[in-house]
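Participant: generate a structure from the sequence data that follows.
(2 chains)
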Amino acid sequence: MTVLGWVTIVVFVLALTALALALGRYMAAVYTGGRTWLDPVLRGPERLLYRVLRVDVAQGQDWKAYAKSLIIFSLAGWLLLYLILRTQLLWDFPGLNPQHFHSAPWNVTFNTTSSFLTNTNWQYYGGETTMSYFSQMAGLTVQNFLSAGVGIVVAVALIRGIISRSGKSLGNFYQDLVRTVLYVLVPISIVVALVLVFQGSIQNFASYLTVHGITGLTQSIGMGPVASQESIKLLGTNGGGFFNVNSAHPFENPTGFTNLLEMLVVLIIPAALVFTYGRMAGNRRQGYAIYSAMMVMFLGAVVVAYIAEAHGSPAQHAAGLHTGVIPGSTGGNMEGKEQRFGIAGSALFDVVTTVTSCGAVNSSIESFTGIGGAVPFANLSASETIFGGVGTGLYSILLYVLLAVFLGGLMVGRTPEYLGKKIEAREIKLVSLGILITPLGALLATALATASRAGRASISTAATGPQGFSESFYAYLSQANNNGSAFPGYTGFIQTTAGSVGSHGVTFADLLGGFTMLFARYAPIFFALAVAGSLAGKRVSPAGLGTMRTDNPTFVVLLIGVIVLVGALTFFPALLLGPIVQGLTGHLY
Amino acid sequence: MRRDITTSIIGILALTLLLGILYPLTITGISQVAFPGNANGQQLYQQGKLVGSKIIGQAFADPAIKNGKTVLDKNGNPVTTPDPRYFQTRPSATVPADNAAGSAFSNLGPNSIATKLALAANLTAYLQLEKPYDPGLTAAKVPVDAVDTSGSGVDPDISPANAAIQAHRVAAVRKLALSEVQHLISTYTHGRGLGFSGEPGVNVLELNVALNRLGGR
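Facilitator: This is a model prediction of the structure:
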């Protein structure tokens, strides 16, 4: 560990909080019809889009209508993306598919399509050996924007449900989506993409470069419109890399500075939305309380991961390597990590992308130490409550807030209330279902994958003993939480040579993963919207002496306790079998 | 229902046009005008010939020749040995090594015997290459980045400690003063982002091209 490593973490947290406060205020204006400084530029295109889409923005939707629009829109997006990916050779115009890649087979495409629709971006393919530039842009980039937008609008709808005092309207789905894309996602993406190119990311439509190195060896270098996809991949907590190694690739993440920037971009919207919530609820302290709970858990994860990775792995020590800090090298577990990021930049990036549903990686999680690797597991087990994905994070933690309020009410023997609204049996049933459905999906899928021969076919040959179980468990935990990061040894796509010739999918893993992602995305959305509908228009009673406060440190502790308890009770046995065994014993398998 | 379907279909097509075509083209246009060097991959030329990208690592190795023919491995890629005249990049898990059109992690687990064997082999190879020129070198002095596989497989950098060890070999083989090589290393060492983010690294391709310019080969 180094002083500058800790400085990086502290600066990151301070910068994030400052930026999130500013963006949170801006986003509150976007969703309450307030004026923003982008109005003069964007009002025109916004109105034009409403006209083209034939949306009547004056018409509010109750939760069922809102959910129906969301599902139908998602279905249309799924079909178009599947079509684009399966007809890759048809779009072989100059600059769009210079390597003449064929489409991936149907099962892999099913997985990929479901993956990008659900903001998961799990990838059973290597970008630079499978996807044409057209597929990356018109297919994947589009869903990077829209899946992020869908997550955000659900959070906004839930906020409206919680605060609305009359009527059943949660707003208009299409209006919320259009405003999210135009006012939030596109402007920030443009700025970030240009900064990335300024720092060294590429953005072109050229064929892959063939170079003859100075010793005469030939090297082929992948090209493409990388920066435009990279920025929204991070901003929308999508995480699907243009290249196979994602943000470890120098073209995606060229410098120590871009590494810091990319981490900020990942967390900025999930963090800001918490403050947006406080503002929209008319009580900013509610936002600060939730932010504190998230930040405490986040910092815990960062500290553990950094210490563990700086310590080095048992395999390194057994091979005779010295992993301490020496002049000119910071030591630690550098297996699968890039020199320009170092241990701190890799550990922090890993935590940032696994607490959110981003799933981008700048180093190989599979090569993290046992305890360092247990951190992403724990982050995923928290079901997106530590900031979480864009929008998904806020609606996930709000469900936990309601649960904590309910438990607090039980403890003091009063009818639980949240922001003046009674929380009754109906809401708690919906909340419980919304909370438990993701772990259920993850554990069921893991059980199927480890108990069946077809499932075990995906485990990499080098992953023996607990590592093999970790690979499988992580795969379905990640897909169920719509995260998308992986122990990349686990496979669903066997590619014999570049260009998809002769490749095939492990159908079982492709289908199980695809269905897990769809189920674990849309079921919680359904329950979150149902809770919103149930709370919308409820009578608000004034706070009395006995009302439990939800904006003080006591509640923050209660909230963290509930999250840790639910996560630990559901996932601890499985965690023991994989990463914890490796972290505690130092035994080689 | 019907209204939702029409809106969704028109919506997805209109947004694909906006976000999937217009947006990337705009970024490409601005990038190609404002930062053409970066946008096209920081191509590096030596004596007018394209030799690589500044930020993509490559293998500085010579193909093994047997009976006048290049020896190929089972994947059809040439078998190579490190060229002692050049600084060497980090171990790479791609096939072949430093493949920038098929990036890959090693995915070696922290507690795997396979990992221990792979790392021990890398360590032995490193010592074999460097120890003859740096007799005081022991396993404990080898920095981790010289043995651990890089993330991308095309890491352009090595740690300053790694470069300092290799300097002995490069100086001896090229018959240059050690101080001259050390000076070049410091020229091609980049600092941390904003002074604190990440770690310093020595850009191996730029360093090797600069060595060739210096002569002494």
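Participant: can you give me the helices in chain B?
Facilitator: Remark: helices assigned in chain B by DSSP state H are B:2-15, B:23-34, B:36-39, B:113-130, B:160-174, B:178-187, B:204-214.
Participant: could those helices go into JSON lines alongside mean neighbour count, distance to chain A and mean pLDDT?
Facilitator: C-beta: built from backbone N, CA, C; applies to glycine. Below are the helices of chain B laid out as JSON lines (neighbours: other C-beta atoms under 10 Å in any protein chain shown; distance: least, C-beta to the nearest C-beta, whole Å; pLDDT from 0 to 100):
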{"stretch": "helix B:2-15", "mean neighbour count": "17", "distance to chain A": "4", "mean pLDDT": "96"}
{"stretch": "helix B:23-34", "mean neighbour count": "18", "distance to chain A": "4", "mean pLDDT": "98"}
{"stretch": "helix B:36-39", "mean neighbour count": "17", "distance to chain A": "5", "mean pLDDT": "98"}
{"stretch": "helix B:113-130", "mean neighbour count": "19", "distance to chain A": "4", "mean pLDDT": "96"}
{"stretch": "helix B:160-174", "mean neighbour count": "22", "distance to chain A": "3", "mean pLDDT": "97"}
{"stretch": "helix B:178-187", "mean neighbour count": "15", "distance to chain A": "10", "mean pLDDT": "97"}
{"stretch": "helix B:204-214", "mean neighbour count": "20", "distance to chain A": "6", "mean pLDDT": "95"}
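Participant: phi and psi next, for A:Gly409.
Facilitator: Main-chain torsions, A:Gly409, degrees, to the nearest 10: phi -60, psi -40.
Participant: that one: how many residues sit nearby?
Facilitator: A:Gly409 has 18 neighbouring residues, counting by other C-beta atoms under 10 Å in any protein chain shown.
Participant: just A:Ser220 next, same as before
Facilitator: The local packing of A:Ser220 (other C-beta under 10 Å) involves 17 other residues.
Participant: so who does it touch?
Facilitator: Counting by C-beta atoms under 8 Å, 6 or more residues apart in numbering or on different chains, A:Ser220 makes contact with A:208-211, B:99-101.
Participant: so A:Thr129 sits against B:Asn99, correct?
Facilitator: No: in this structure A:Thr129 lies outside contact range of B:Asn99 using C-beta atoms under 8 Å: 9.8 Å.
Participant: contacting residues for the residue in chain B positioned nearest to chain A?
Facilitator: Distance from chain A to each residue of chain B (C-beta to the nearest C-beta) is smallest for B:Gly198, at 2.4 Å. Shown in contact with B:Gly198 (C-beta under 8 Å, 6+ apart): A:8, A:255-257, A:259-260, A:340-342, A:345, B:192.
Participant: go ahead and flag the most central residue of chain A.
Facilitator: Closest residue to the average C-alpha location of chain A: A:Ser357 at 1.6 Å, with C-alpha atoms, centre = their mean.
Participant: check what pLDDT that residue gets.
Facilitator: For A:Ser357, the model assigns a pLDDT of 91.
Participant: quick check: it vs chain B, distance?
Facilitator: With distances taken as C-beta to the nearest C-beta, to the nearest Å, A:Ser357 is found 20 Å from chain B.
Participant: also A:Thr237?
Facilitator: As defined by C-beta to the nearest C-beta, A:Thr237 lies at a distance of 16 Å from chain B.
Participant: over to A:Val303?
Facilitator: For A:Val303 relative to chain B (C-beta to the nearest C-beta), the value is 18 Å.
Participant: how many neighbouring residues does that residue have?
Facilitator: 15.
Participant: which stretch of helix or strand covers it?
Facilitator: helix A:284-311 (DSSP states H and E).
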